[in-house]
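>>> quick one: sequence plus predicted model below, questions after.
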Amino acid sequence: MRAVLMRRHGGPEVLEIVDAPTPQLGAGQLLVDVAAVGVNFTDVYQRQGVQPYAGDLPAVPGQEGAGTVAAVGPGVEGVAVGDRVAWVSVPGGYAQQVAIPAERAVPVPEHVDFPVAAAAMMQGLTAHYLSHTTHPVAAGEPVVVHAAAGGVGLLLTQLVKLAGGIVVGTTSTDQKAELARQAGADHVARYDSFLDTVRELTGGAGAAVVYDGVGRATFDDSLAALRRRGLLVAYGASSGPVPPVETERLAAGGSLYLTRPTLPQHIESRAELLGRAADLFGWIGAGRLSIRIGATYPLTDAPRAHADLEGRRTSGKSLLLPG
């Protein structure tokens, strides 16, 4: 099979296309023919060697995908060859085949095609826990969604609107602003002006929550945009890590809350994983949640997919199609 291999950390050029052996199945594992695999910033961080994502080398990147079960390992029950599955937080997806734990396989309904299923996993599950667990959005609450035209941002905006929240979305271009509005954002602003938008919208009171996957570039204004006892959810750092924070800043801002959640801790149990995925696939089937696939690439173009993602030349989800 063909796979993407990293032998060293560095730029997109370290992603090599190689012939690799078919993964050998252990107990409780599935062999899956990969139809689509997501390209994420976590893959970029792994490639760059950023901790805690770096891991051991050599390695095949890729944490999520969807495809068809090709073989079933010892001890697996309830899954058969030919079943449609998706997965997340499982390494080795940049390949034509991957071995995944059966307990992490999510059944994909027939009404959801593989690219949509792959695109819904990491960002969709992230948007789900952010809006339903980290801060369950209430009707009428003003909410800031940074990078509202990004992979998480477009989905998070839609889920906040399903809950009745009022979304202030941030984007960097007019084209991305239009995408955010199509997803339901009530107000769209540039990163250097969203604070003024929030203050005007709320009469100076501030937002209930700011969902910030940008990091260093937006952190200070995100804190300033919060109402008293508001919550800053720092779930990513696409612009770079946030410097250490003095806790007194939270007191001075109005007894603010700050959290740094991650997806794996919100899908630890199979019941939680399946429950969140079922919600997503149900909303997709009902036409209430739209998955935007911004770009697709053959496996051989993995370096270009990374370069485009880092260069902010994409919107929505980027996918590799191993073929």
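Yep, it's here.
>>> where do the helices sit along the stretch 201-323 of the chain?
Applying DSSP state H, counting those that start in this stretch to the stretch 201-323 of the chain gives helices spanning 219-224, 248-252, 270-285, 302-310.
>>> same deal with the stretch 51-200 of the chain?
Applying DSSP H, counting those that start in this stretch to the stretch 51-200 of the chain gives helices spanning 114-129, 151-162, 174-182, 194-202.
>>> related to what we said a few turns ago, tell me which of the helices of the stretch 201-323 of the chain sits nearest to residue 53.
helix 302-310 (13.5 Å; CB to CB). All C-beta atoms are positioned from the backbone trio N, CA, C, and that covers glycine.
>>> give me the residue at the spatial middle of the protein.
Nearest residue to the geometric centre of the chain (CA atoms, centre = their mean): residue 123, 2.6 Å.
>>> which ones are touching that residue?
38, 40, 151-152, 155, 317 (CB atoms under 8 Å, 6 or more residues apart in numbering).
>>> how close does it sit to residue 19?
According to CB to CB, to the nearest Å, residue 123 and residue 19 sit 31 Å apart.
>>> cool, and residue 45?
Residue 45 sits 27 Å away from residue 19, going by CB to CB.
>>> what's the answer for residue 166, then?
For residue 166, the distance to residue 19 - CB to CB - is 52 Å.
>>> tabulate the contacts of residue 123 (JSON lines), appending neighbour count.
Formatted as JSON lines, those follow (neighbours: other CB atoms under 10 Å):
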{"residue": "38", "neighbour count": "28"}
{"residue": "40", "neighbour count": "25"}
{"residue": "151", "neighbour count": "29"}
{"residue": "152", "neighbour count": "25"}
{"residue": "155", "neighbour count": "30"}
{"residue": "317", "neighbour count": "29"}
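>>> and the nearest residue to residue 296 once chain neighbours are set aside, what's its pLDDT?
Spatial nearest neighbour of residue 296, chain neighbours left out: residue 319 (4.9 Å); criterion: CB to CB, 6 or more residues apart in numbering. Per-residue pLDDT puts residue 319 at 97.
>>> show me what residue 319 is bridged to.
Note on residue 319: beta-bridge partners by DSSP bridges are residue 38, residue 296.
>>> quick check: it touching residue 292?
No. Using CB atoms under 8 Å, residue 319 makes no contact with residue 292, being 11.3 Å away.
>>> what touches both of the two?
Joint contacts of residue 319 and residue 292 (CB under 8 Å, 6+ apart) are residue 119.
>>> more crowded one of these two?
Neighbours per residue, other CB atoms under 10 Å: of residue 319 and residue 292, the larger number sits with residue 319, 25 against 18.
>>> contacting residues for the more buried one?
Contacts for residue 319 were tallied using CB under 8 Å, 6+ apart; they are 36-39, 115, 118-119, 293, 295-297.
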